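Peer 1: Just a sequence and a predicted model for now, questions to come.
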Amino acid sequence: MNIGQAAKASGVSAKMIRYYEGIGLIPPAARSEAGYRCYTQQDAHTLRFIRRSRDLGFTVEQIAELLLLWRDGERASADVKRVALAHVAELEDRISGLQAMARTLRDLASSCHGNDRPDCPIIEELAEPVGAGKDSAPAASPRRTPRFGTDTPASPRARRSLPRNG
């Protein structure tokens, strides 16, 4: 089968098949006399294995290890389980990090008035120097709450509606 047929049979795009071949994840395809890549059913099966592994978030390096284990008829299932559980731990770490980001953003959003004024705790937090977060900053004097209309600039919309002198 040609690369288009292999792509259809495996669910892996022709571009990714060439990429996987280029990085050595799959061996170079046999070539026809005209120079076209020729794939077997086993090649398509391997590509489906890779696609399923990618769908589960395994890295290229982990997939290479899983392919070696898959091809080794004398492998220990403990080796496969080790790779899978290491990946689960990585996924759980990422999930934990994403949840922490969501909590931080939720907290920042809840402290933002969401009005026409330019002051915004979300922007203030993003503008903090690296390492100057609340946990690492020395105790600063408490912020004075601005008196709206006298201490803060008007919003761009309000400035446009102000009468101009001259």
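Peer 2: Good, I have the coordinates. Numbers count the residues shown, from 1 in each chain.

Peer 1: name the element residue 7 belongs to?
Peer 2: Using DSSP states H and E, residue 7 sits within helix 3-10.

Peer 1: average pLDDT for that helix?
Peer 2: Across helix 3-10, pLDDT averages out at 97.

Peer 1: what does stretch 116-132 give?
Peer 2: What stretch 116-132 shows for mean pLDDT is 86.

Peer 1: pLDDT at the residue most central in space within the chain, what is it?
Peer 2: In the chain, the residue lying closest to the centroid (Cα atoms, centre = their mean) is residue 94, at 9.4 Å. On pLDDT, residue 94 comes in at 96.

Peer 1: Is it in a helix, a strand, or coil?
Peer 2: What DSSP: H, G, I helix; E, B strand; the rest coil gives for residue 94 is helix.

Peer 1: ok now do it, which residues does it touch?
Peer 2: Counting by Cβ atoms under 8 Å, 6 or more residues apart in numbering, residue 94 touches no other residue. (Each C-beta comes from the backbone N, C-alpha and C, glycine too.)

Peer 1: what's the distance between it and residue 58?
Peer 2: Here the criterion is Cβ to Cβ, to the nearest Å. By it, residue 94 lies 13 Å from residue 58.

Peer 1: I'd like the distance between residue 106 and residue 115.
Peer 2: Residue 106 is 19 Å from residue 115, by Cβ to Cβ.

Peer 1: Repeat that for residue 53.
Peer 2: Relative to residue 115, and taking Cβ to Cβ, residue 53 is found at 49 Å.

Peer 1: Tell me which of those two has more neighbours.
Peer 2: residue 53 (19 against 10; other Cβ atoms under 10 Å).

Peer 1: Output the contacting helices and strands for the helix or strand hosting the more buried one.
Peer 2: Element membership of residue 53 [criterion: DSSP H and E] is helix 41-55. Judged by 3 or more Cβ pairs under 8 Å, 6 or more residues apart in numbering; DSSP states H and E, helix 41-55 is in contact with helix 3-10, helix 14-22, helix 60-71.
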